[in-house]
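> heads up, no residue letters with this:
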């Protein structure tokens, strides 16, 4: 309950900050898009906030609220981060439209250069949009997609997303399923 209370308070504070200080909220500008985006993002953030039970949930909620605003000038960057996120043994990079294995733990070294196709039956672009676009990147900005790509298979204990158990990887024109 402690984390939920703190998170709700900070989401309300962020909402108030946007309402009172963001140019898009100025009545004279009649920025309907900003108003609609804020009207959609705020209830989602509050809903998430009420269920938070950890610091990781707190971080994810505020990051999600900022990302949902779709404005590269609005962001949430914690000053303290979890020191040991769990990783699946694969680091993915985005090159154009492709999601490529660019670094690995020992058991997966032969996969460097292979393409990630899907995870748990979800196409990689859809998985990335949901998991990264919801919390790490404004998905309409290609550079942010590329920048956030290495976090695709990193588990930071965000309670609002599920990390995959297995992924299909195209390696030398042969699709293989790798358990993570």
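Structure received. Not measured: the values here are computed from a predicted model. Residues are numbered from 1 along each chain as shown.
> and residue 27, how many neighbours?
Neighbour count of residue 27, defined by other CB atoms under 10 Å: 7. For every residue, glycine as well, the C-beta is placed using N, CA and C.
> my bad, residue 64
Neighbours of residue 64 using other CB under 10 Å come to 24.
> do the one 3 residues further on as well
Counted with other CB under 10 Å, the neighbours of residue 67 add up to 23.
> next: the one 5 residues further on.
For residue 72, the number of neighbouring residues by other CB under 10 Å comes to 13.
> what sits closest to it if chain neighbours are left out?
residue 138 (5.8 Å; CB to CB, 6 or more residues apart in numbering).
> roughly how far does the one you found sit from residue 118?
Distance, residue 138 to residue 118, using CB to CB, to the nearest Å: 24 Å.
> could you do residue 88 as well?
Distance from residue 88 to residue 118, counting by CB to CB: 14 Å.
> just residue 170 next, same as before
Here the distance between residue 170 and residue 118 works out to 10 Å (CB to CB).
> after the helix or strand residue 4 falls within comes which helix or strand?
Under the criterion of DSSP states H and E, residue 4 resides in helix 2-21. Per DSSP H and E, the first helix or strand lying C-terminal to helix 2-21 is helix 32-50.
> give the buried residues for that next one.
For helix 32-50, a neighbour-count test (16 or more other CB atoms under 10 Å) marks 34, 37, 38, 41, 42, 44, 45, 46, 48, 49 as buried.
> tell me which of residue 170 and residue 118 has more neighbours.
A side-by-side neighbour count of residue 170 and residue 118, using other CB under 10 Å, places residue 118 first with 20 against 16.
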